[in-house]
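**Q** Below: sequence and its predicted model.
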Amino acid sequence: MQASEFDKFAQEYQQSLRQSIRLSGESPEFFAAYKVRDALACARGLGLAPSRVLDFGCGVGGSIPFFHDLAPGARLQGVDVSLKSLELARERFGAMAAFQACDEDRLPFEDAAFDLIFTACVFHHIPPAMRPGWLREIRRVLAPGGVFVAFEHNPLNPLTVRVVKNCPFDENAQLLTAGEFGGLLRQAGFADVKARYRIFFPHALRALRPLERGLRWCPLGAQYFLAARA
C-alpha cells in the first residue's frame with residue numbers, strides 16, 4: 001500500500017470506481033453506505049456505542065458522511081498513506097472528521113485510541129508480507145473490547161474477480177479469502193472473529209435483497225466482512 005499507488009488515482013478515484021462497478025448497477029455511495037451500516041450494526045450488536053471511530057485507509061473519505069449521519073457525536077478520524085487522497089478528503093469532509101497521514105508501517109496514534117476501527121477494501125492493496133504488521137498496529141490502537149470491522153472483495157465470486165481485474169487502481173491487488181483474512185486476525189491476537197458475506201444480487205434484482213440476511217454464511221457474495229474484538 002504505497003502512497004504513490006493511490007496518489008496517481010486520487011483525483012479520478014470516484015470516476016474510476018463508478019466505471020469499474022457499473023455492472024452492479026449501483027453507485028460508490030451505495031457500497032459505502034451499506035458497509036458503514038453493517039459496521040455500526042456489528043458494534044452495537046456487541047453492546048458497543050462507538051464514540052471514537054477510525055477509518056483505516058480512508059482514501060478520499062467516501063465513508064465519512066455515512067458515519068457522520070449514522071453515528072452522530074462520534075469522533076471520526078481518517079488515516080491514509082496517500083497525501084493527495086487526504087487533501088481531497090479534507091476538502092470534502094473536513095468539517096466532519098480529522099484526517100491524518102501515516103507511515104507505511106505504523107499508525108500515528110496512541111495505544112487504545114479507538115473503540116471502532118473500520119476498513120473498506122484496503123487489505124488487498126497491502127503486500128501480503130506487510131499484512132500481519134498492519135493488523136498488529138490496528139490491534140494496538142483499538143481499545144480493549146473494541147471492534148475491528150474489515151470489508152474485502154471476495155475472490156470466490158467470478159464477477160468480483162472480473163471487476164477487480166478491470167479496475168485501474170486495483171492493478172496490483174492481491175485478493176484474500178475470508179478464511180485467510182480470519183487466520184491473520186487470529187494470529188494478530190484478535191478474538192471472536194466472524195465472517196459474513198454480502199452483495200448477492202445486483203441492482204436489477206434488488207427486490208431479492210431482503211433474502212441476503214439468510215445468505216451471509218454463503219461464500220459466494222461479491223464482498224465479505226470480518227468482525228473481531230481486541
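**A** Received it, and whenever you're ready, just let me know what you need. Numbering: from 1, shown residues only.
**Q** For the biggest strand by length in the chain, buried residues please.
**A** Counting residues, the longest strand found in the chain (DSSP state E) is strand 142-153. Within strand 142-153, the residues scored as buried using 16 or more other CB atoms under 10 Å are 142, 143, 146, 147, 148, 149, 150, 151, 152, 153. Using the backbone N, CA and C atoms, a C-beta is placed for each residue, glycine as well.
**Q** With stretch 117-136 instead?
**A** 117-126, 131, 134-135.
**Q** Select from the residues you listed every entry located in strands.
**A** Filtering the buried residues of stretch 117-136 for strands - DSSP E - leaves 117, 118, 119, 120.
**Q** which of those residues lies closest to residue 32?
**A** Residue 32 lies nearest to residue 120 out of these, by CB to CB, at 7.2 Å.
**Q** returning to what we had before: show me which of the buried residues of stretch 117-136 is closest to residue 63.
**A** Taking CB to CB as the measure, residue 63 sits nearest to residue 120 out of those, at 6.1 Å.
**Q** Flag the shaky bits of this structure, pLDDT-wise.
**A** Low-confidence segments of the chain, defined by pLDDT under 70, are located at 1-26, 168-169.
**Q** where exactly do the helices run in it?
**A** Counting by DSSP state H, the chain has helices at residues 3-7, 13-20, 28-45, 64-70, 83-93, 131-141, 158-165, 178-187.
**Q** now for these, which one comes closest to residue 212?
**A** That would be helix 28-45 among those, by CB to CB, at 10.0 Å.
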